[in-house]
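Engineer: Need a 3D model of the following:
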Amino acid sequence: MKGNSTTQPDRLKKLGNYWQVRWNIVRNDRTDDDGNTYESWDYEYANCENPYRDGIIEGIIRSKYSASQVEAIMANYEQGYNIEDYIEFQTWRKIAKTVANDETYYELELYKQSTDEAVDNSAIKRLLQKVAEPILSDEANLTEKEIEDSKMLYKQFRVGVVYDKDSTNVDEKRFVYNGNLYKVIGAKHTSQADWTPETAVSLYVKITPPGVIAPYEQRSAENPYMKGNKVTFEGKAYESLIDNNTWSPSAYPAGWKEV
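Structural biologist: Have a look, this model is predicted:
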């Protein structure tokens, strides 16, 4: 807030103190229409340590007193007149400060302001995850584009985090690792540094669209290749001929056929 006043700087500062604001004041004399020079000061509202609190105080005071009324009350008080007006003003000012210093009131106002202005990215992610989950669960019709678009909704894989294929928390069921989206296929466990998604194949599996032949990875009895599953191995494509296949094409050739 900027302005100009003929009020002496010390009076203006006193007025600012009663308004709970601070001013930057610079003398800038002016000339009237008759060519007479008079003292004048330019003033500008200076940011306070807590302008939100100051704004509450100022707003409450202004609801009852105008700037000119406050100035008149202070001028009369300095000259010993209308002391009762000064006492009434001080009482109102104390009420304003009490309200502004009320942490409950202050926190509520801050909450209102933050919710009006802020975008809750976590809430947006949760809503989008609800949209993505049915799409990702329909693996027979999943596309590469859908997988790529969904990656931004899930957290990165971390050591020391609880993962669980049966969890109701989607962040415990899916994650991103090395740029790929994975789903948890193991029972509840805490991830370890030596259980990476690429090696702990009984716990995690990379999500790929149907028709895309993924590279062979060693599987366990909990996550074997089933009859018809396809992999690439040593530069060739293979299809599993049996269910519960945990061997590579080279370790058990009878369990695979080249396609």
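
Engineer: Spell out the residue ranges of the strands in this protein.
Structural biologist: 2-5, 22-27, 30-31, 37-38, 41-46, 162-163, 174-177, 180-184, 189-190, 204-206, 214-215, 230-233, 236-240, 256-258 (DSSP state E).

Engineer: Contacts only, for Pro249.
Structural biologist: Tyr216, Val231, Phe233, Glu234, Lys236, Tyr238, Gly255, Trp256, Glu258 (Cβ atoms under 8 Å, 6 or more residues apart in numbering). C-beta coordinates here come from the backbone N, C-alpha and C atoms, glycine included.

Engineer: Give me the phi and psi for it.
Structural biologist: Main-chain dihedrals, Pro249, degrees, to the nearest 10: phi -60, psi -30.

Engineer: Please report the distance of it from Asp243.
Structural biologist: Using Cβ to Cβ, to the nearest Å, Pro249 is found at 16 Å from Asp243.

Engineer: and what of Asp171?
Structural biologist: 32 Å.

Engineer: And Tyr154, by the same measure?
Structural biologist: The spacing between Tyr154 and Asp243, counted by Cβ to Cβ, is 30 Å.

Engineer: which one of these two has more residues nearby?
Structural biologist: Using other Cβ atoms under 10 Å, the more surrounded residue of Tyr154 and Asp243 is Tyr154, with 20 against 12.

Engineer: Can you show me the helices along the protein?
Structural biologist: Ranges of helices in the chain, per DSSP state H, are 9-19, 51-62, 67-78, 83-101, 103-117, 121-137, 144-150.

Engineer: how many degrees apart are the second one and helix 67-78 in direction?
Structural biologist: An angle of 80 degrees separates the directions of helix 51-62 and helix 67-78 when computed by axes from the mean of the first three to the mean of the last three Cα atoms, to 10 degrees.
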